[in-house]
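Undergrad: Give me the fold of what follows.
(chains A and B)
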Amino acid sequence: MSSDAAVTPAVQVIDVVKLFDGGIVRALDGVSLEVAHREFVAVTGPSGCGKSTLLHLIAALDHPTSGRIVVNGRDLREAGNERYRRREVGLVFQLHHLLTHLSAIENVEIAMFSNGMSYRQQRERSRELLVAVGLEGKGHTAPPRLSGGERQRLALARALANRPALILADEPTGSLDSASVDRVLDLFRSIREQQGVTILLITHDAYVAGAADRIVRMRDGRIVSPDAGPADDAVPPRPAR
Amino acid sequence: MPFAVLIARNVWTRKVRSVLTGAAVAIGIMTVVALGVLTHSLRRTAISVLRTGSADFTVAQKGVSDVLNSAMDEGEIARIQQTPGVDSVVGVLVAAVQLDKDHPFFLELGIQPDQLEKFGVTVVDGRPYNADATDQVMLGFRAARDLHKSVGDTINIDGNDFRVVGIFSTGQVFGDSASMLPLTALQTYERKPGDVTLAFVKVKPGADVSIVRQAVERDNAELATVVTESEFGRIDRNLKLISAANVGISILALAIGAIGVMNTTAMSVFERTREFGVLRAVGWTRARVIGLVMGEAALISLGGAVAGIAMGFVAIRLIRSVPELVGVFQPDYPAAVFGRALGIAVGMAAIGALYPAIRAAVLAPLEALRHE
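TA: Sure, this is the predicted structure:
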């Protein structure tokens, strides 16, 4: 990492407003947020508070009505969205959005088209990622034959395919059992440690949020607490599922 | 994973739909191939009549339903002979008879014996017939071999017995499979006194063939000159109509196939909205999404084309057995027909899949991901 990278935040959200339905719905209302490189941040809040909207804007899946978003020093308004999503960011969704007619390893590979790697290199990289997320030996298994936790880990492997600097995860543990939640969270932490990625995770689950370095709380389209303190202090006991 | 493999996987995943769409394409391509081969072969058979002799160009009556119905009188032949640049004109009466069930389209060429040499005929055995003979015939060497006849034998043509006095060669397959007899005798048998069907024209050395042709057509408004196969429609209206029908049916096949491909592709894109959202979310470009959809349609169409070409061969075999076409329809399989079939298959894919592909590419990733 360069010295510039060390001082420039990985993500800067600057006074972002997002309106829907012709301005009737104010999903984000002047949100500003900074996330440092290698930081693991959880954004939490009640349903409809705007946290997923914020993530979609940072992922360049949507555009802010006003305000700016800068990722790794580059304003997303000037960045090519497709290249940005392919090269710089990895997305993990609650419903994992895997392609059910492809095998696990092929689901990882579809993220690597146009990244300049040969087919052999893509396959090798995909194998490495499956091992990294604990899915060794399941490369040729179709997603419907994987458990919920395995699918989410596969989705994480796909998100990591192009070595992004930023991982954006939208309720990645929302449909998992307790054991799977812990395994996925361990994975996020180890990826951050080993690969130095920045992680922004959306969750309404305080236990999941507790795994992060910092918790950002949102309500009614605003950030009400940009730093809820060390997460470890706030981690409630995991409720049994 | 190679992109082509992903395309194949996607097509294979929806086997039934892919096969049904491919079958629709195949039927269209089969029609194109069968009609293309039929038209080409009939044209080749018909044009061969014009190529029985050696000439710079052939003259016939313009716009007749069948080239064998062309009729020119001696006055027109004389006028052609007087056209500047014309070296020689050989008038030939052409008739077709059914010799037997194996030879339903046997040609008789009526020509004066003193014009045989100008016509490019070489007598390879025996001698030429006499000008006023009514029972003498020469056989092309291929016809003689096929009919097991030689000089001195008798052959019955259309109820009349003829003595084979000579065997000839023209250097043309069609001519060498025909018979020749005195012009006046054939005019009598055909009840066409003084008429010929075709005039074979040679120009003087150094003369420009195209200028001589223009002069002949200018001086004889009812006549048309022909050199190439593509010009044959000017004199044979039936073949022109068949060719037009062939083009029309090809366009229809293209349209029907394209609609089938469009229907299938549009349905597939709609059902896979979330999949396209995922692909766009992981950074796929719009061009790559279009390439995926178009590639799938192309694969289905090409698969249908291969099946259609195979079905076309079967259809041609069935058409050959139609009694009216036995002997007349000798299938010829030009590369152009298959090239056109493949072109139409690609056209079906391109026209049919373009709109659904663009629809898939312009989907907003977020909305696509939310699609139920």
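Undergrad: Could you use CA atoms for every contact and neighbour count after this?
TA: Fine.
Undergrad: How confident was the prediction at the residue of the stretch 1-150 of chain B found nearest chain A?
TA: Closest contact between the stretch 1-150 of chain B and chain A, by Cα to the nearest Cα, is at B:M1 (5.7 Å). B:M1 carries a pLDDT score of 84 in this model.
Undergrad: On the three-state scheme, it is what?
TA: coil (DSSP: H, G, I helix; E, B strand; the rest coil).
Undergrad: which residue is nearest the middle of the chain?
TA: Went with chain A since none was named. A:L168 (1.7 Å; Cα atoms, centre = their mean).
Undergrad: that's the wrong chain, I meant chain B
TA: Closest-to-mean residue, chain B, Cα atoms, centre = their mean: B:H40 / 1.1 Å.
Undergrad: residues contacting that one?
TA: By Cα atoms under 8 Å, 6 or more residues apart in numbering or on different chains, the residues touching B:H40 are B:332, B:334.
Undergrad: Need the phi and psi values for it.
TA: Taking degrees, to the nearest 10, you get phi -60, psi -40 for the backbone angles of B:H40.
Undergrad: That one and B:F338, how far apart?
TA: B:H40 sits 12 Å away from B:F338, going by Cα to Cα, to the nearest Å.
Undergrad: Check A:N81 too.
TA: Distance of A:N81 to B:F338, computed by Cα to Cα: 44 Å.
Undergrad: related to what we said a few turns ago, count residues in the vicinity of the residue of the stretch 1-150 of chain B closest to chain A, would you?
TA: Look at B:M1: counted by other Cα atoms under 10 Å in any protein chain shown, it has 18 neighbours.
Undergrad: Isn't it up against A:Q122?
TA: Yes: B:M1 is in contact with A:Q122 according to Cα atoms under 8 Å; the separation is 7.5 Å.
Undergrad: Touching both of these two, which residues are there?
TA: Joint contacts of B:M1 and A:Q122 (Cα under 8 Å, 6+ apart) are A:E109.
Undergrad: so what's A:I105 up against?
TA: Shown in contact with A:I105 (Cα under 8 Å, 6+ apart): A:123, A:126-127, A:130, A:139-140.
Undergrad: Most neighbours among these, which one?
TA: Neighbour counts for these, by other Cα under 10 Å, peak at A:S126, which reaches 26 neighbours.
Undergrad: Shouldn't that residue be within a helix?
TA: Yes: assessed by three-state DSSP, A:S126 belongs to a helix.
Undergrad: who's in contact with it?
TA: A:105, A:108-109, A:157, A:161 are the contacts of A:S126 under Cα under 8 Å, 6+ apart.
Undergrad: Sort out for me which of these are in helices.
TA: Cross-referencing the contacts of A:S126 against helices under DSSP state H gives A:105, A:108-109, A:157.
Undergrad: Save those as CSV, and put in distance to B:V11 too.
TA: Formatted as CSV, these follow (distance: Cα to Cα, whole Å):
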residue, distance to B:V11
A:I105, 19
A:V108, 20
A:E109, 18
A:A157, 26
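Undergrad: Give me the neighbour count for the closest residue to B:L116 other than its chain neighbours.
TA: Nearest non-adjacent residue to B:L116, counting by Cα to Cα, 6 or more residues apart in numbering or on different chains: B:T122, 7.6 Å away. Neighbours of B:T122 under the rule other Cα under 10 Å: 17.
Undergrad: my guess is B:T122 contacts B:G166, does it?
TA: No: applying Cα under 8 Å, one finds B:T122 not in contact with B:G166, separated by 10.1 Å.
Undergrad: Let me see the backbone angles for the residue of the stretch 201-350 of chain B found nearest chain A.
TA: Proximity of the stretch 201-350 of chain B to chain A (Cα to the nearest Cα) peaks at B:G283, 4.0 Å away. As for B:G283, its main-chain torsions (degrees, to the nearest 10) stand at phi 100, psi 10.
Undergrad: Pull the distance from the longest helix along chain A to the chain's centre.
TA: Criterion DSSP H: the longest helix present in chain A is helix A:178-195. Its chain's C-alpha centre and that of helix A:178-195 lie 12 Å apart, by Cα atoms, centre = their mean, to the nearest Å.
Undergrad: okay, the angle between whichever helix or strand comes after that helix and helix A:178-195?
TA: Using DSSP states H and E, the helix or strand that follows helix A:178-195 in sequence is strand A:198-203. If you take axes from the mean of the first three to the mean of the last three Cα atoms, to 10 degrees, strand A:198-203 sits at 160 degrees to helix A:178-195.
Undergrad: next structured bit after strand A:198-203?
TA: Next element after strand A:198-203 (DSSP H and E): helix A:206-209.
Undergrad: mind saving the C-alpha coords of the helix or strand following that following helix as CSV?
TA: Next along the chain after helix A:206-209, taking DSSP H and E as the criterion, comes strand A:214-219. C-alpha atoms of strand A:214-219 as CSV (Å, rounded to 0.1, in the frame of the first residue of the first chain):
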residue,chain,number,x,y,z
ARG,A,214,-16.4,-0.2,14.1
ILE,A,215,-20.2,0.1,14.1
VAL,A,216,-22.0,2.8,12.2
ARG,A,217,-25.6,3.2,13.2
MET,A,218,-28.3,4.6,10.9
ARG,A,219,-31.8,5.8,11.3
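Undergrad: which helices and strands does strand A:214-219 pack with?
TA: Under the contact criterion of 3 or more Cα pairs under 8 Å, 6 or more residues apart in numbering or on different chains; DSSP states H and E, strand A:214-219 touches strand A:40-44, strand A:222-225.
Undergrad: And the shortest one, what's buried?
TA: Neighbour-count burial for strand A:222-225, with 16 or more other Cα atoms under 10 Å in any protein chain shown as criterion, is recorded at A:222-223.
Undergrad: burial count for the residue of the stretch 201-350 of chain B closest to chain A?
TA: Using other Cα under 10 Å, B:G283 has 27 neighbouring residues.
Undergrad: wouldn't it be in contact with A:V89 here?
TA: No: using Cα under 8 Å as the test, B:G283 is too far from A:V89 to be in contact (9.3 Å).
Undergrad: Residue of chain A closest to chain B, please.
TA: Relative to chain B, the nearest point of chain A is A:R86 (4.0 Å; Cα to the nearest Cα).
Undergrad: Tell me the first helix or strand C-terminal of the one helix or strand in chain B whose mean pLDDT sits lowest.
TA: Here the helix or strand of chain B ranked lowest by mean pLDDT, DSSP states H and E is helix B:173-176, holding a mean of 80. Past helix B:173-176, further along toward the C-terminus, the next helix or strand under DSSP H and E is strand B:179-181.
Undergrad: from the chain's centre, how far out does that next one sit?
TA: 27 Å.
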